[in-house]
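**Q** dropping the sequence and predicted coords here.
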Amino acid sequence: MNNMELLEIKDLNKSFDNKKILKDINLTISNGKIVGLLGKNGAGKTTLIKLINDLLTPTSGEILINGNKIGVETKKVVSYLPERTYLNKQMKVSEIIEVFTDFYENFDEKKAKKLLKDLDLDINQQLTKMSKGMQEKVQLVLVMSRKADLYILDEPLGGVDPATRDYVLDTILSNFNEAASVIISTHLISDIERILDEVVFIDKGKIVLQSDADKLRNKEKSSIDEIFRRMFKC
């Protein structure tokens, strides 16, 4: 690739009814990174994610993925896990897999089935019969089973019990190709800290820090979680 960044956001602003939600966001993410988008609830994380996924339109500024403006082409290479489930809960997991196989050219059905098995999820079960945590795992499997360039996970650990979190993180770690990147938006920083290559702190709609995770830890002699708490007095 000719020095093109995977994701480039330039002078991005988003307002709703004259209230500025995102202010002058400039952000570049390269290939092969796991990036934590970290901020308190209401900081603008989900709005930013929705803009990258073409679910909202910027007030001003632009977003490029592999050099392309957001649209049909970029949707093909982005695999998105929203904060709330969007799946039809009356369907069985096997039926949802069929829908994904038809809908996404880059969906790997074999991989999905293997991951479901690894996570002890029953492919013949209806989603309504599953706990919230199990439903979230199904969603994660579907998202990670696409061969995408960019995976965007909005609060992927929200409904998952702490014991399962490590397993979920390992599922994320071991299931995307080297050239792809993953953005994980969360406020559960201590849980995901160990897998992050880079961190982006967002506060009140502005990016206040973007850094290599290890460099930041060494510089501040503390964990990302502690640095975040200090900066935002959580």
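**A** That came through, no problem. Numbering: from 1, shown residues only.
**Q** what's the distance between the residue nearest to Met91 when sequence neighbours are not counted and Pro156?
**A** Setting aside the residues directly before and after it, Met91 is nearest to Leu127 in space (C-beta to C-beta, 6 or more residues apart in numbering), at 6.3 Å. Every residue, glycine included, has its C-beta placed from N, CA and C. Per C-beta to C-beta, to the nearest Å, Leu127 is found 17 Å from Pro156.
**Q** what is the lowest-mean-pLDDT helix or strand in the chain packed up against?
**A** Between all helices and strands in the chain, the lowest mean by mean pLDDT, DSSP states H and E belongs to helix 162-173, at a mean of 83. When contacts are defined as 3 or more C-beta pairs under 8 Å, 6 or more residues apart in numbering; DSSP states H and E, helix 162-173 packs onto helix 132-144, helix 189-192.
**Q** of all the residues in the shortest one, which ones are buried?
**A** With burial defined by 16 or more other C-beta atoms under 10 Å, the residues of helix 189-192 counted as buried are 189, 191-192.
**Q** what mean pLDDT does that helix have?
**A** For helix 189-192, the per-residue pLDDT values average out at 89.
**Q** so what does whichever helix or strand comes after it touch, helix or strand wise?
**A** Counting by DSSP states H and E, the next helix or strand C-terminal to helix 189-192 is strand 198-203. Counting by 3+ C-beta pairs under 8 Å, 6+ apart, the packing neighbours recorded for strand 198-203 are strand 34-38, strand 206-212, helix 213-220, helix 224-232.
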